[in-house]
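# Kindly generate the corresponding structure for this input.
(one chain, ligands or ions: 1)
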Amino acid sequence: MSKTTAAITAVGSYVPDFVMTNKILETLVDTNDEWITTRTGIKERRILKGEGLGTSYLAIKAAEQLLEKRKLDPKEIELIIVATATPDMMVAATAAYVASEIGATNAFAYDLQAACSSFLYGMSTAASYIESGRYKKVLLIGADKMSSIIDYTDRTTCIIFGDGAGAALFEPNNEGLGLQDEYLRSDGVGRNFLKMDAGGSLLPASEETVKNRQHFIYQDGKSVFKFAVTNMADSAAKIMERNNLSHNDVNWLVPHQANKRIIDATSNRMGLDDSKVMMNIQRYGNTTSATLPLLLSDYESQLRKGDNLVFAAFGGGFTWGSIYLKWAYNS
Ligand code: UT7
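Predicted coordinates:
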């Protein structure tokens, strides 16, 4: 009997309506469209407006789109993982609320946090549950309301991030399709370069932390950039080498959307031309846990059964890695 692999069998996504253009950012901080475009590739990003709407709102919308497209009864889902760096609340799992709201009453649900690598790591987790035979339907959602932790007076971070969500259903496959190999790493040396200082157990919220703007994300962009370029390119190259994939064998690179220059460095290292590189950073910016599933959703109609996809991501922690997956369906 052939080995059971874990395939992605449906995707869905959601981005909020409000479009924050580079022009709007010019009115908030000392920046300009030309700098943002040439340094990052970003033209606009989506922002979730409205009182009382958190990351769960984005995640629910993405999941509902997937359920509708697949005509899937939510009661069939056994596990929901919400990959996010911006949960609705620190303690109550966002995933539990999402599961209830979409009617997944037979599922258990939890959050997974690895900054911008959350979805990549989540793919490994979701696939393991499927490969082991323990569950048959695992819904992985990558969702972040980055605008909730962005300082819109800090020009080095506010130009980069946006809000969004994407969802992917993992199911068993007996044709050898789905997740083939993974190379995942982390290094705690990175935690001082990209972080939110306060609100965790290390530095609980206080009047002082609010006054010092420590509930916003801080990034040493230059240092993160260097680590990201090296590690995303290295891990993607390693996955290719270890699976004997030449640039001709790779149909798509699915790279975390942090900076177009990092994506270009990764695809150059892999020897891929631009037509094989998924990119939507110009429209959404860096949506942290949502970048990879948003790409899958945007490119779904171009994907063919058997296509070789190489995912690569890098994020705070540091966390990073690459996954090789064979696409399982024609849409
Ligand atoms: O997703 C998680 C991982 N995150 C990443 O991968 C992000 C990695 N880092 C980056 O993408 C880039 O470092 C940034 C886009 C954040 C910054 O680009 P950079 O080319 O590294 O710029 P820099 O920080 O070296 O700054 C260059 C100059 C500085 O001015 P001086 O000191 O040369 O006079 C900055 O003050 O650009 C200035 N600057 C800006 N100017 C206009 C920084 N931000 C801006 C801005 N508009 N928004």
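
# Can you check the pLDDT for the most centrally placed residue in the chain?
Residue closest to the mean C-alpha point of the chain, counted by C-alpha atoms, centre = their mean, is residue 289 at 2.9 Å. Residue 289 is assigned a pLDDT of 98 by the prediction.

# Wasn't it part of a helix?
Yes: assessed with DSSP: H, G, I helix; E, B strand; the rest coil, residue 289 lies in a helix.

# quick one: it from the ligand, how far?
10 Å (C-beta to the nearest ligand atom, to the nearest Å). All C-beta spots, glycine's among them, are computed from the backbone N, C-alpha and C.

# now do residue 238
19 Å.

# again, but for residue 25
8 Å.

# Please give the element, helix or strand, for that residue.
Per DSSP states H and E: residue 25 is located in helix 22-28.

# Against which helices or strands is that helix packed?
helix 33-40, helix 155-158 (3 or more C-beta pairs under 8 Å, 6 or more residues apart in numbering; DSSP states H and E).

# Of those, which stretch is the most buried?
helix 155-158 (a mean of 18; mean count of other C-beta atoms under 10 Å).

# Quick one: name the residues of the stretch 101-250 of the chain near the ligand.
116, 155, 156, 159, 221, 222, 224, 225, 228 (C-beta under 6 Å from any ligand atom).

# Let me have these in JSON lines, extended by distance to residue 90 and pLDDT.
Shown next, in JSON lines, are those (distance: C-beta to C-beta, whole Å; pLDDT from 0 to 100):
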{"residue": "116", "distance to residue 90": "20", "pLDDT": "98"}
{"residue": "155", "distance to residue 90": "28", "pLDDT": "97"}
{"residue": "156", "distance to residue 90": "26", "pLDDT": "96"}
{"residue": "159", "distance to residue 90": "27", "pLDDT": "98"}
{"residue": "221", "distance to residue 90": "26", "pLDDT": "95"}
{"residue": "222", "distance to residue 90": "30", "pLDDT": "95"}
{"residue": "224", "distance to residue 90": "24", "pLDDT": "96"}
{"residue": "225", "distance to residue 90": "29", "pLDDT": "96"}
{"residue": "228", "distance to residue 90": "27", "pLDDT": "96"}
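
# Could you give me the buried positions within stretch 158-178?
158-173, 177-178 (16 or more other C-beta atoms under 10 Å).

# tell me which residues of the longest helix seen in the chain are tucked away?
Across the chain, the longest stretch assigned as helix under DSSP state H is helix 221-242. Within helix 221-242, the residues scored as buried using 16+ other C-beta under 10 Å are 221, 224-225, 227-229, 231-237, 239-240.
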